[in-house]
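J.: Turn this into a model:
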Amino acid sequence: MGGLITTVGVVVIINVLSRALALVSGVLVTSVFGVTAQTSAYSFALTLTNAITTVIGTTLTTAVIPIYTRLKQNSLERANYFINNTLTLTVICAVVLAIIGALTSPLTASLAKDGDYNFAIYAICTMMPAIIFICLYFVFSGLLQANDRFFAVAMVSIPSSLINMAYIIFASKYFGVKGLVVSTMIGFFVQAFVLVFPMRKLDFRFKLSFDYANEDIKGIINVLGPIIIGVCSYQINIITNSAIALAHDSERYIILNNVQNLGIQIVMTIILAVAAVMYPKFSLLAAQDKTDEHGKQYLTTINATMLVLAPVTLIFIVCAKSIVNIVYGYGKFTPDDVAFGGGIFALYAISFIGLGLKELTDKAFYSLKNTKTSAYNGIVVMTVNILLSAAFVRIWGFYGIALAYSVAALTGAANIMYQYRKKYKLLLKPVFVTLIKMFISSAVMAVVCVLTNKLQLGSGKIWSVIQVGVVSVAGTIVYAIMLCLLKTTEVVNLIDNIKIKFKQGVKNR
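T.: Residues are numbered from 1 along each chain as shown. Have a look, this model is predicted:
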């Protein structure tokens with residue numbers, strides 16, 4: 001267990017660095033180019049491309065890892081043959097989708113009613129080839145994770161972020177936002193390319209293969225439908241929210257997109273790091289028919305995730321405006337943009353726990369070869385989000401879109417956890433006990449955070465950073481103390497493990 005925690009910790013650190021660079025790249029876009037119709041069109045094209053590739057990539061990764069893990073236990077040659085078939089299928093699907101995306105770009109670009117229509121078409125068409133590269137990245141990352149090669153996958157976005165940053169700093173004055181679109185597409189290519197080298201260390205060699213009658217490929221095809229529905233629902237939420245927002249205000253859309261990405265980048269750093277390490281473990285336990293141990297591992301993971309995400313959520317809600325100011329409040333990103341973005345960010349933060357619990361429970365279901373439940377839950381989330389977004393945007397504008405997203409995320413998490421308990425007869429009492437203790441601790445923490453945040457330590461960026469730091473430290477300390485006083489199982493176990501390791505270290509000396 002200690003090695004597992006260390007691996008998760010290292011992956012989280014690498015993910016933090018990777019996402020921090022991606023965040024800096026995004027900040028440079030608004031600070032150098034400002035909040036304009038062109039930057040909003042670029043942001044929408046990027047969102048659209050990511051949504052399409054995530055549907056394909058996450059679907060394939062989710063289906064590939066359990067089958068590859070099972071095949072590798074008996075024959076590495078057969079497992080690699082399966083991967084070659086998968087890669088060929090992926091490239092074909094990606095090329096078809098890229099062509100369709102380019103051909104339909106005039107229709108998609110028309111969503112920006114008051115925006116730069118011609119530039120939107122250019123951005124979407126230029127981004128479409130990136131679908132091929134990102135889909136390959138997803139399959140490569142699935143293969144590496146199944147072989148316990150987590151670090152290379154976690155680092156993969158670093159080069160692409162550096163490419164965008166270099167373009168903005170050194171060449172943006174010559175080619176503007178048009179050049180940014182091209183540099184982003186090049187960055188996507190690099191994401192797939194850098195994983196070729198760690199894959200070669202696995203003695204894997206790509207060979208073109210069209211054997212789609214192969215029984216292992218049929219195994220993927222049999223589960224693709226439900227997985228696509230489950231994954232697609234989340235991406236449809238993103239695209240729908242983007243379309244509604246773009247139609248509502250095509251110029252300020254980039255603010256909504258940026259603050260949403262800011263929150264999700266941070267929280268998904270934690271979630272995806274845990275999921276990347278735990279999904280292969282879930283899959284192995286499922287392959288060995290260790291259902292009870294699988295359930296115990298699931299409960300431990302869920303409880304730990306809730307305990308970590310609760311204080312993060314509270315800090316983000318209380319310090320929303322300060323965080324947006326620290327991250328985006330530069331150059332052409334005005335104080336009004338900061339205030340507007342802060343309110344949206346606080347509403348998005350409500351979704352964090354829901355996103356985390358849903359993502360991990362999805363992985364637990366997939367590892368047990370149950371894809372239909374996540375698909376059903378995805379439809380529920382999608383329906384709630386679309387209906388609420390369409391209604392709330394008329395009342396609260398962009399704030400309504402953010403609130404609808406959070407309500408849908410929490411609804412999805414509650415529903416899928418209930419389905420897990422119902423289908424696998426798992427007692428969720430430990431989760432409810434942890435949840436109650438978490439709420440009590442969070443309530444006390446919230447009071448401390450609000451009171452601390454009212455202290456005006458000074459003005460300017462440095463003082464904003466200090467203020468957020470003080471609120472975070474004070475709130476986290478109080479939260480940790482409350483969890484200890486309530487004798488929360490996960491915290492007690494953690495403290496006991498630290499004591500044991502400390503005593504062992506003293507003895508070894």
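J.: so what secondary structure elements neighbour the biggest helix by length in the chain?
T.: When the chain is parsed with DSSP state H, its longest helix is helix 37-74. Judged by 3 or more Cβ pairs under 8 Å, 6 or more residues apart in numbering; DSSP states H and E, helix 37-74 is in contact with helix 2-33, helix 76-103, helix 117-127, helix 130-146, helix 172-193, helix 215-248, helix 253-287, helix 352-367. Just so you know, the C-beta spots here come from the backbone N, C-alpha and C atoms, and that holds for glycine as well.
J.: how about TSV for those, with mean neighbour count, distance to residue 66 and mean pLDDT added?
T.: Shown next, in TSV, are those (neighbours: other Cβ atoms under 10 Å; distance: least, Cβ to Cβ, whole Å; pLDDT from 0 to 100):
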stretch	mean neighbour count	distance to residue 66	mean pLDDT
helix 2-33	18	19	77
helix 76-103	17	12	86
helix 117-127	21	31	90
helix 130-146	24	9	84
helix 172-193	18	23	92
helix 215-248	20	9	74
helix 253-287	22	4	79
helix 352-367	25	6	87
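J.: got a markdown table for the ones you listed, with distance to residue 159 too?
T.: Listed next are the helices and strands packed on helix 37-74 as a markdown table, based on distance: least, Cβ to Cβ, whole Å:
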| stretch | distance to residue 159 |
| --- | --- |
| helix 2-33 | 9 |
| helix 76-103 | 21 |
| helix 117-127 | 18 |
| helix 130-146 | 12 |
| helix 172-193 | 5 |
| helix 215-248 | 25 |
| helix 253-287 | 17 |
| helix 352-367 | 26 |
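J.: closest one to residue 422 among those?
T.: Checking the helices and strands packed on helix 37-74 against residue 422 by Cβ to Cβ gives helix 352-367 as the closest, at 12.0 Å.
J.: Using PDB, write out the CA atom coordinates for that closest one.
T.: C-alpha atoms of helix 352-367 as PDB (Å, rounded to 0.1, in the frame of the first residue of the first chain):
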ATOM      1  CA  PHE A 352     -15.700  19.100  -7.600                       C
ATOM      2  CA  ILE A 353     -16.700  16.400  -5.200                       C
ATOM      3  CA  GLY A 354     -19.400  15.200  -7.600                       C
ATOM      4  CA  LEU A 355     -16.900  15.000 -10.500                       C
ATOM      5  CA  GLY A 356     -14.400  13.000  -8.400                       C
ATOM      6  CA  LEU A 357     -16.800  10.500  -7.000                       C
ATOM      7  CA  LYS A 358     -18.400   9.900 -10.400                       C
ATOM      8  CA  GLU A 359     -15.100   9.500 -12.200                       C
ATOM      9  CA  LEU A 360     -13.800   6.900  -9.700                       C
ATOM     10  CA  THR A 361     -17.100   5.000  -9.500                       C
ATOM     11  CA  ASP A 362     -17.200   4.800 -13.300                       C
ATOM     12  CA  LYS A 363     -13.700   3.200 -13.300                       C
ATOM     13  CA  ALA A 364     -14.900   0.700 -10.700                       C
ATOM     14  CA  PHE A 365     -17.800  -0.300 -12.900                       C
ATOM     15  CA  TYR A 366     -15.700  -0.500 -16.000                       C
ATOM     16  CA  SER A 367     -13.100  -2.700 -14.300                       C
END
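J.: helices or strands up against that helix?
T.: helix 37-74, helix 253-287, helix 291-318, helix 372-396, helix 398-424.
J.: Tell me which of those helices lies nearest to residue 122.
T.: Taking the helices and strands packed on helix 352-367 one by one with Cβ to Cβ, helix 37-74 is closest: 8.5 Å.
J.: angle of the closest one against helix 372-396?
T.: For helix 37-74 against helix 372-396, the angle by axes from the mean of the first three to the mean of the last three Cα atoms, to 10 degrees is 170 degrees.
J.: avg pLDDT for helix 37-74?
T.: The average pLDDT within helix 37-74 is 81.
J.: got any ranges where the stretch 401-509 of the chain has weak pLDDT?
T.: Scanning the stretch 401-509 of the chain with the threshold set as pLDDT under 70 gives 427, 458, 505-509.
J.: tell me which residues in the helix or strand containing residue 339 are buried?
T.: Per DSSP states H and E: residue 339 is located in helix 335-349. Residues of helix 335-349 classed as buried: 337-338, 340-349 (neighbour count, 16 or more other Cβ atoms under 10 Å).
J.: Look up how far residue 178 lies from the closest residue to residue 261 other than its chain neighbours.
T.: Spatial nearest neighbour of residue 261, excluding adjacent residues (Cβ to Cβ, 6 or more residues apart in numbering): residue 26 at 6.6 Å. Per Cβ to Cβ, to the nearest Å, residue 26 is found 18 Å from residue 178.
J.: which residues touch residue 137?
T.: Counting by Cβ atoms under 8 Å, 6 or more residues apart in numbering, residue 137 makes contact with 57, 156, 188, 191-192, 195.
J.: Could you find the closest non-adjacent residue to the residue nearest the centre of the chain?
T.: Central residue of the chain (Cα atoms, centre = their mean): residue 268, 4.0 Å from the mean position. Residue nearest to residue 268 in three dimensions, not counting chain neighbours: residue 355, with 7.3 Å by Cβ to Cβ, 6+ apart.
J.: repeat for residue 343
T.: Leaving aside its chain neighbours, residue 343 sits nearest to residue 399 (5.9 Å; criterion: Cβ to Cβ, 6+ apart).
J.: what's the neighbour count on the one you found?
T.: Neighbourhood size, residue 399 [other Cβ atoms under 10 Å]: 17.
J.: Over to the one 10 residues further on?
T.: Residue neighbour count, defined by other Cβ under 10 Å, stands at 25 for residue 409.
J.: Does it touch residue 351 like I think?
T.: Yes: assessed by Cβ atoms under 8 Å, residue 409 is found in contact with residue 351 at 3.8 Å.
J.: Figure out which of the helices and strands packed on helix 352-367 is closest to residue 467.
T.: It is, among the helices and strands packed on helix 352-367 and with distance given as Cβ to Cβ, helix 291-318, at 10.4 Å.
J.: one step back: pull out the buried residues from the longest helix of the chain.
T.: Those would be 37-72, for helix 37-74 by 16+ other Cβ under 10 Å.
J.: same question, stretch 477-485
T.: Buried residues in stretch 477-485, counted by 16+ other Cβ under 10 Å: 478-480, 482-483.
J.: Can you give me every residue that contacts the closest residue to residue 147 other than its chain neighbours?
T.: What sits nearest to residue 147 in space, not counting adjacent residues and going by Cβ to Cβ, 6+ apart, is residue 202, at 5.6 Å. Counting by Cβ under 8 Å, 6+ apart, residue 202 makes contact with 143-144, 147, 149.
J.: Out of the buried residues of helix 335-349, which comes closest to residue 318?
T.: Residue 318 has its nearest neighbour among the buried residues of helix 335-349 in residue 346, at 8.3 Å by Cβ to Cβ.
J.: Confirm for me that the closest one is in contact with residue 317.
T.: Yes: with contact defined as Cβ under 8 Å, residue 346 reaches residue 317; the gap is 4.9 Å.
J.: so what's in contact with these two at the same time?
T.: Between them, residue 346 and residue 317 share no contacting residue, judged by Cβ under 8 Å, 6+ apart.
J.: so how far is residue 266 from residue 58?
T.: Counting by Cβ to Cβ - residue 58 and residue 266 are separated by 20 Å.
J.: Tell me the secondary structure at residue 206.
T.: With DSSP: H, G, I helix; E, B strand; the rest coil as the basis, residue 206 sits in coil.
J.: Please name the residues that touch it.
T.: 84, 87.
J.: same question, the one 10 residues further on
T.: Remark: with contacts taken as Cβ under 8 Å, 6+ apart, residue 216 is in contact with 67, 71, 78, 81-82, 85.
J.: which one of those residues sits closest to residue 236?
T.: residue 67 (26.1 Å).
J.: Next, find the distance separating that closest one from residue 201.
T.: According to Cβ to Cβ, residue 67 and residue 201 sit 22 Å apart.
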